[in-house]
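Peer 1: Any chance you can model this:
(chains A, B and C)
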Amino acid sequence: MGIDSGTDPGAEPGLFVNLDGFEGPIDLLLSLAREQKLDLTKIAILPLAEQYLAYIESAREVNLEIAADYLVMAAWLAYLKSRLLLPDPAAEVSEEIIDMSDALRFQLLRLEAMQQASKRLMDLPRLGRSRFVRGAPQAFARTEKIEWTASLYELLQAYGDMRSQEAAGTLTIAATRLYSVQEAAERLRRILPRAPGWADLASFLPPGLEQPLDARSAMASHFTAALELVKEGVIGLRQNRAYDTVYIRSRISETE
Amino acid sequence: MSQPDDKLPDDKVIETARILEALIFASAKPVSRREMMVYAAEESELDAALQLIADRYGPESGLEFCRIDRDWAFRTRPDVAARLNLEKPVERPLSRAGLEVLAIIAYHQPVTRAEIEEIRGISLSRGTLDILLELGWIKPRGRRRTPGRPLTWGTSPAFLDYFGLSGIDDLPGMEDLRASGLLRKGQILGGLGEPGEAAEPDDETDLPSDEEAWLDFEAEAEEETGEGGRDAGL
Amino acid sequence: MSQPDDKLPDDKVIETARILEALIFASAKPVSRREMMVYAAEESELDAALQLIADRYGPESGLEFCRIDRDWAFRTRPDVAARLNLEKPVERPLSRAGLEVLAIIAYHQPVTRAEIEEIRGISLSRGTLDILLELGWIKPRGRRRTPGRPLTWGTSPAFLDYFGLSGIDDLPGMEDLRASGLLRKGQILGGLGEPGEAAEPDDETDLPSDEEAWLDFEAEAEEETGEGGRDAGL
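Peer 2: Numbering: from 1, shown residues only, chains lettered A, B, ... in the order given. From the prediction side, this is the model:
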């Protein structure tokens, strides 16, 4: 998510305002503060707010699409700025300003702490970098015992995949009467030998298919079942041209 | 390959021994002298370092430092290996079908066999539930109060243990799955949903403990195998 | 994990230590206490044996006997690895966002997705959590007792192993961060109306230890499934 625009660096050569390098508005604020080499705990909020607003403004001028997160922060800072610039702050108001400034400072310090922590994390002696595992692991053996393994990730992925397919609309409303191919084959096997000569496949569909989905499903499964029965040599199928009626006939009744 | 008796190993030899110990530990195959000479200034230093390692892995250790031809490796001492050789576990990843069925049971429990088939749109082969049952990851959860009183399935404490979950509730919900990119497109059709949220009230809500569910299950087994009285269960 | 000072390790402990040393040495993955208890008569014997092994692998060895939460493993010492030219597996580097999110999960756990977004001030892109989950470094840590019962995330044992940590308290700078109050969660910016209110700590920060969060979870599990929570994840 974040910033969608400007991902192609060659697109706009004159661009000097680029939000791509930032991981959100707080990261942008941190980077602006760092440019000033300011101590975050003592940073003056007003100039920082102004810089941020100016930055966003120039991004807007070059028609950068600005993610909502940046705009929300801009609105918040604009509000803070207006309060800070109030000529005669009443006691209540100044308290609010202190709260807001402290909150902003805390948020900056907190994210900076996490950014530093992530660097220190990667400086740890990592496995496969600075620490190595046994190169010739050994399983102790006498009898073999199969241990099925699975990871939580695989489990969630399997479920996610299944539900994704479902969501795509291929498999829906499970409670309706959908004919399985197996059922359709059994049905055709049972009914067809009693039917004389060539007949429309549609006439073999089960009765009572009021929902269009049910009818389509039944047609699809009966057609697939018919193909399987042709393969077995039990029936014959015929279609005069594409999209025309499909005719079906039992080979068993024919030979008898 | 001998350390003069009148001299303690110097720091250089100790350092080389540490490096070689780590190298041989991390290598998949025995390590040759040639490979080791990269880390030693001269043959005598290499020998002294190897001797130092051999001393550290004496009989009081479960391992021995062995020379195989001109290569060196760590091996489990045979007497220790004999004590360790209980069963050799062969790891095999659970099949896709197994994963799917397990996921459905986890998310939709208590769920009947027919419902699992409905969700997957494919009939369930006998072996799939067997493997999950053998793993101890699933267990019967009583019977559904519908015609035929089908048996329902749920996950076991061993399932939670294996996957490092503190409860079924820990499974990410639909929103979490979508947010983390595991659920790809669009909307989820209603009905089946968040973990722990059973579709219909079942008998098993009347069965407070596992024990009773098991009793019920055993009764069922009887019913199926023997000619059994009808009301064996409840 | 203490051996009474006035007693030398007895033969039984020495023998158990040999077996465990070989078992852990031969395994690429950390070995759990449960696996080790197969070879020890009781917990105290296990602890004494582990202490004995730890003593044998001091700084004079190129290997380190590492505790990873409650599991144990041998790993080469980092100072030695720097001198070894071992083949290093190619890793896809984590994005900056991925790193930040990992750090936030590690230091703030258990933490919800919304809290991660609050700390970073930006919504989390799809796939970021997914990658960390795929790496096996994060896992669900139960649900928050707030409206919507959001899922919380924490780090896994594999995370500790990868970064060479014995536990979360070992994270670099953890103590200072806790003391400085920078690990407070909650929304601060963004709500124009209530800038002050947001800085308040949320429910979860009132629970100082994992243990309490855990108890909380078990109580819930009992309510919902009627099964007593087991020591699943620990």
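Peer 1: Stretch B:138-158 and chain C in contact?
Peer 2: Yes. Counting by Cβ under 8 Å from any Cβ of the partner chain, chain C is contacted by stretch B:138-158 at B:Pro157. Yep, even glycine has a C-beta here, placed from its N, CA and C like the rest.
Peer 1: pLDDT of that stretch, averaged?
Peer 2: Stretch B:138-158 comes out with an average pLDDT of 90.
Peer 1: does chain A sit close to it?
Peer 2: No. Using Cβ under 8 Å from any Cβ, stretch B:138-158 never reaches chain A; the gap is at least 10.6 Å.
Peer 1: so B:Leu132 makes contact with B:Leu102?
Peer 2: Yes. Between B:Leu132 and B:Leu102 there is a contact under Cβ atoms under 8 Å: 5.8 Å.
Peer 1: which residues do the two both contact?
Peer 2: The overlap between the contact sets of B:Leu132 and B:Leu102 (Cβ atoms under 8 Å, 6 or more residues apart in numbering or on different chains) consists of B:Ile138.
Peer 1: who has more neighbours, the two?
Peer 2: With neighbours defined as other Cβ atoms under 10 Å in any protein chain shown, B:Leu132 and B:Leu102 compare such that B:Leu102 has more, 28 against 23.
Peer 1: Check which helix or strand the more buried one maps to.
Peer 2: helix B:96-108 (DSSP states H and E).
Peer 1: what does the following helix or strand past that helix rub up against?
Peer 2: Using DSSP H and E, the next helix or strand after helix B:96-108 towards the C-terminus is strand B:111-112. For strand B:111-112, the surrounding residues in contact (Cβ under 8 Å, 6+ apart) are B:Ile104, B:Ile105, B:Arg144, B:Pro150, B:Leu151, B:Thr152, B:Trp153, B:Gly154.
Peer 1: What degree of burial does the nearest residue to the fourth one once chain neighbours are set aside show, as a neighbour count?
Peer 2: Read it as B:Pro150. Residue nearest to B:Pro150 in three dimensions, not counting chain neighbours: B:Thr112, with 4.2 Å by Cβ to Cβ, 6 or more residues apart in numbering or on different chains. Here the number of neighbours of B:Thr112 (other Cβ under 10 Å) works out to 20.
Peer 1: Now do the contacts for the residue most central in space within chain B.
Peer 2: Nearest to the geometric centre of chain B sits B:Tyr162, at 6.3 Å (Cα atoms, centre = their mean). Taking Cβ under 8 Å, 6+ apart, we find B:Tyr162 in contact with A:Ala150, B:Trp137.
Peer 1: got the phi/psi numbers for B:Arg143?
Peer 2: Backbone geometry at B:Arg143, expressed as degrees, to the nearest 10, gives phi -110, psi 150.
Peer 1: In the beta-sheet assignment, what are the partners of it?
Peer 2: Beta bridges link B:Arg143 to B:Leu151 when assigned by DSSP bridges.
Peer 1: Surely it is in contact with B:Trp153?
Peer 2: No. With contacts counted by Cβ under 8 Å, B:Arg143 stays clear of B:Trp153, the gap being 11.1 Å.
Peer 1: Comparing these two, which shows the higher neighbour count?
Peer 2: B:Trp153 (27 against 24).
Peer 1: Give the helix, strand or coil label for the more buried one.
Peer 2: strand (DSSP: H, G, I helix; E, B strand; the rest coil).
Peer 1: which ones are touching it?
Peer 2: Residues in contact with B:Trp153 (Cβ under 8 Å, 6+ apart) are B:Ile105, B:Gln109, B:Pro110, B:Val111, B:Thr112, B:Arg113, B:Ile116, B:Leu129, B:Ile138, B:Lys139, B:Pro140, B:Arg141.
Peer 1: Scan these and report the most crowded one.
Peer 2: Using other Cβ under 10 Å as the neighbour test, the contacts of B:Trp153 are led by B:Arg141, with 28 neighbours.
Peer 1: show me where pLDDT drops low in chain B?
Peer 2: B:1-9, B:86-89, B:184-234 (pLDDT under 70).
Peer 1: mind listing the helices for it?
Peer 2: B:11-26, B:33-36, B:43-56, B:78-84, B:96-108, B:113-120, B:126-134, B:157-163, B:174-179, B:210-225 (DSSP state H).
Peer 1: Pull out the buried positions in the fourth one.
Peer 2: Spelled out, that is helix B:78-84. Judged by neighbour count using 16 or more other Cβ atoms under 10 Å in any protein chain shown, the buried positions of helix B:78-84 are B:Val80, B:Ala81, B:Arg83, B:Leu84.
Peer 1: and chain A, which of the residues you listed reach it?
Peer 2: By Cβ under 8 Å from any Cβ, the members of the buried residues of helix B:78-84 lying near chain A are B:Ala81, B:Leu84.
Peer 1: Which of the buried residues of helix B:78-84 sits closest to B:Ser27?
Peer 2: Nearest to B:Ser27, judged by Cβ to Cβ, of the buried residues of helix B:78-84 is B:Ala81 at 19.7 Å.
Peer 1: helix/strand/coil for the residue lying closest to that closest one once chain neighbours are set aside?
Peer 2: Computed as Cβ to Cβ, 6+ apart, the closest residue to B:Ala81 that is not its neighbour in sequence is A:Phe140, at 6.3 Å. With three-state DSSP as the basis, A:Phe140 sits in coil.
Peer 1: tell me which of the contacts of B:Trp153 is nearest to B:Trp72?
Peer 2: B:Ile138 (48.0 Å).
Peer 1: contacting residues around the closest residue to the closest one other than its chain neighbours?
Peer 2: Spatial nearest neighbour of B:Ile138, chain neighbours left out: B:Leu132 (4.6 Å); criterion: Cβ to Cβ, 6+ apart. Residues near B:Leu132 by Cβ under 8 Å, 6+ apart: B:Gly98, B:Val101, B:Leu102, B:Ile105, B:Ile138.
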